[in-house]
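Chemist: This is a predicted model, with the sequence first.
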Amino acid sequence: MNTEILGIIAMFTITLVIGIFLGKYIANVYGYKKTFLDTIFQPVENLIYKISGINPNKQMTWKQNMFAMLTINVVWFIIGFLLLLNQSWLPLNPDRNPDMSPDLAFNTAISFLVNCNLQHYSGETGVSYLSQLYLMFLQFVTAATGMAAMAVLFKAFKDKTTTELGNFYDFFTKSMIRILVPISIVVALILSANGSTMTFEGKDHITTLEGQKADVSRGPAAAFIAIKHLGTNGGGFFGANSAHPLENPNYVTNMTEMVTQMIIPFAMVFALGFYLKKRKLSWTIFTVMTIGFLALTIPNVINETHGNPLITQMGTNPHLGAMEGKEIRFGSTASAYWSIATTVISTGSVNAMHDSTMPLSGMNQLLAMMINCFYGGCGVGILNYFIFIILAVFISGLMVGRTPEFLGKKIEAKEMKIAMIVALFHPFLILVGTALTAYLPEFGAKSLNNPGFHGFSEMLYEFTSSSANNGSGFEGLGDNTPWWNISTGIVLLLSRFIPIIGPIAIAGLLAQKKYIPESSGTLKTDTATFGFMTLAVILLIAALSFFPALTLGPIAEQLQYFSK
C-alpha cells in the first residue's frame, strides 16, 4: 500500500475520531447541558442577547423558527449586495478592485448567503478586502443557519408531543460562538503557521527566479480559508481555491483542510444519536452515508491514479496518475479523495481542477451532488437524509401493511406530500436549468470552451453545483454572464431554503402528534435492513432522475474517447 493511500485513510480516520467527540459536544450544546467551555462562552452569548434584545428562553413553533431564519437572511443579502456594488470607493481596497456588475453582485451575495459560494469572479481581482471580510462573515452565518435548523429538528423528536421547538436565534448564536468560531481560530493558526497569508497589505511585488517582475496577491486568507472549510462553504480567497499555494501550501495544510471540511457533517450525525439517546440510529445513518461515500470515492481514486490512457499512448509515464489540473504537492490520490469529499458534502472547494478529471470521475462528482445526502453540509446534510428516511419509512410501511411511523410518530399524507416535493425539487432545478441553457445557444453554447459531450457536462455541473449548494465547477465554462449569474442565483435561493423549510415543516407536524410507544410491530429504523432500504430509495430516485442526463454528458464522453 503506497503512502498516498495511507494518507487518505489517515484523513478519514482522523475525521471520524474528531467527529464522534465533536458530535457529543454539539449534542450537549443544543441540549443545554454543561460543557467545559461554558465559563468562556456564556458571557459572550449573554452580551449578544443583551445588545440584540433576543430572549433566548422564548420557545418558537416551527413556523416562527423558519420565519426568523428567512427574515435575518434577507437583511444579510441586502447588505452584501450593496457592498459588492460599491466596493471600489469603500475602505480596505489596496489593489483598487472595481465594483461588481449588478448581476454578478446578485449572484455572489446569494451564493455566499446560501452556503454555496459559487464564484463567477476571481478573488484576486473581483473583490476588495472589505468584501472578503463580509463574505467571510456570511460563511459563518450560513453554516450557523444550517446547524440551527438541524437543532430545531433535534428538538422536534426529543419531546413526545410539543409545539415548542426551541429558539432559532439561540441555536444560531450557540452554533457561532461555541462551535464555529473557536474551531476556526485553531484551523486558521495552523494554516497561517504553514504559509497561508494573513495580512491587509496589497499585492507583494517580487522578482521571480527568471528575473521577471511579478505581483502576488495576498490578504487575510488564513481566517477566510478556515471557515470556508469548517462551515462547508468552499469559497476561495483566490481564484484557484485550495489549489493555490497561499490557500493550501503543503500536504499538512491539505490534510488540515480536508479534515476540517468534513468534521461537522460527521459530527452532526453522531450529535443526533447523542441528543436523542439513539446512538444505534446515528451509526446506521453514518454507515449508509459512508457506503455511498466510498462507492463514489474508490472509483475516483482508481481512475485518477491509473492516469489518462490517451496521454499514456503518447509515451508519457503514467506512474503519477492523471496529473492534468492537479498539484504535484498533493498528488492524484489525495486530489481524487478531495474531489468526492468536497462534492458529497456541500463544501465545493477544490485542490485540483474538476474539469480536468477523467470523465467517469466527473460523473461521480456530479452524482455526489445529485444525491446530496451522504454527510452533506453543516446541518442540512441530515435534513436532506431525513427526507429519504421519511420516504423509506412510508414505502416500508406499505410493504408490511402497517401505518408508517418514525420515532413514535405516524407519517401521513401531509408529511409525504412535503417529502416528495422536496425530493423532486432538487432534480427539477438541475434538469430544467440545464435543458433551458442547452436549448438556448446564445446562453449555453456561446459560454462553452469545450464543445460536445464535455460541454454538456459543464452546463449540467453548474446547475447541479448550484442546486446542491456546492459551489465547485467545471471551469471550462465562461459563467460570468447575466444568464448564468441570474439563473444560477434563482436556483441557489430555491435550493437552499425549500430543502430546509420542508424537513422542518415535517418535523414540526410530527412533533405535534401523539407519541406512539414502540411495540413488537414497530418498524425499527436503526437496523441494517432499514439502512439498506434507505440506501435503495436514495439510489433509485437518483438513478431515475439523473441517468439520462449523465448519459448525455460524462458517460458519452467516456465511450467516445476511452472505450477503444
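Modeler: The structure has been received and is ready for your questions.

Chemist: and the next element down the chain from the helix or strand where Tyr134 lies?
Modeler: Under the criterion of DSSP states H and E, Tyr134 resides in helix 129-158. Sequence-wise, the next helix or strand downstream of helix 129-158 (DSSP H and E) is helix 168-174.

Chemist: got the angle between the next helix or strand after that next one and helix 129-158?
Modeler: Next helix or strand after helix 168-174 toward the C-terminus (DSSP H and E): helix 181-193. Relative orientation of helix 181-193 and helix 129-158, computed by axes from the mean of the first three to the mean of the last three C-alpha atoms, to 10 degrees: 140 degrees.

Chemist: Average pLDDT for helix 181-193, rounded please.
Modeler: The average pLDDT within helix 181-193 is 96.

Chemist: returning to that earlier point: quick check: buried residues in the helix holding Tyr134?
Modeler: For helix 129-158, the neighbour count (16 or more other C-beta atoms under 10 Å) marks 129-136, 138-158 as buried. Yep, even glycine has a C-beta here, placed from its N, CA and C like the rest.

Chemist: what does stretch 410-429 give?
Modeler: Result for stretch 410-429 [16+ other C-beta under 10 Å]: buried residues Ile411, Glu415, Met416, Ile418, Ala419, Val422, Ala423, Phe425, His426, Pro427, Leu429.

Chemist: of all these, which comes closest to Pro265?
Modeler: Pro265 has its nearest neighbour among the buried residues of stretch 410-429 in His426, at 17.8 Å by C-beta to C-beta.

Chemist: Would you check how far apart the closest one and Ser466 are?
Modeler: Distance from His426 to Ser466, counting by C-beta to C-beta, to the nearest Å: 11 Å.

Chemist: what's the overlap in contacts for the two?
Modeler: Any residue near both His426 and Ser466 by C-beta atoms under 8 Å, 6 or more residues apart in numbering counts here, and that gives Ser495.

Chemist: residue ranges with poor pLDDT in this protein?
Modeler: Where the chain drops to pLDDT under 70, the residues are 1, 520-521, 563-564.

Chemist: helix/strand/coil for the residue nearest the centre of it?
Modeler: Central residue of the chain (C-alpha atoms, centre = their mean): Ser346, 1.2 Å from the mean position. Secondary structure assignment for Ser346 (DSSP: H, G, I helix; E, B strand; the rest coil): coil.

Chemist: and the next element down the chain from the helix or strand hosting Lys280?
Modeler: Assessed by DSSP H and E, Lys280 sits inside helix 279-306. Of the helices and strands lying after helix 279-306 in sequence (DSSP H and E), the nearest is helix 309-312.

Chemist: Summarise which helices and strands that following helix is packed against.
Modeler: Of the remaining helices and strands, those touching helix 309-312 by 3 or more C-beta pairs under 8 Å, 6 or more residues apart in numbering; DSSP states H and E are helix 556-562.

Chemist: Just the buried residues of the helix it packs on, please?
Modeler: Neighbour counts over helix 556-562 (16+ other C-beta under 10 Å) mark Ala556, Glu557, Gln558 as buried.
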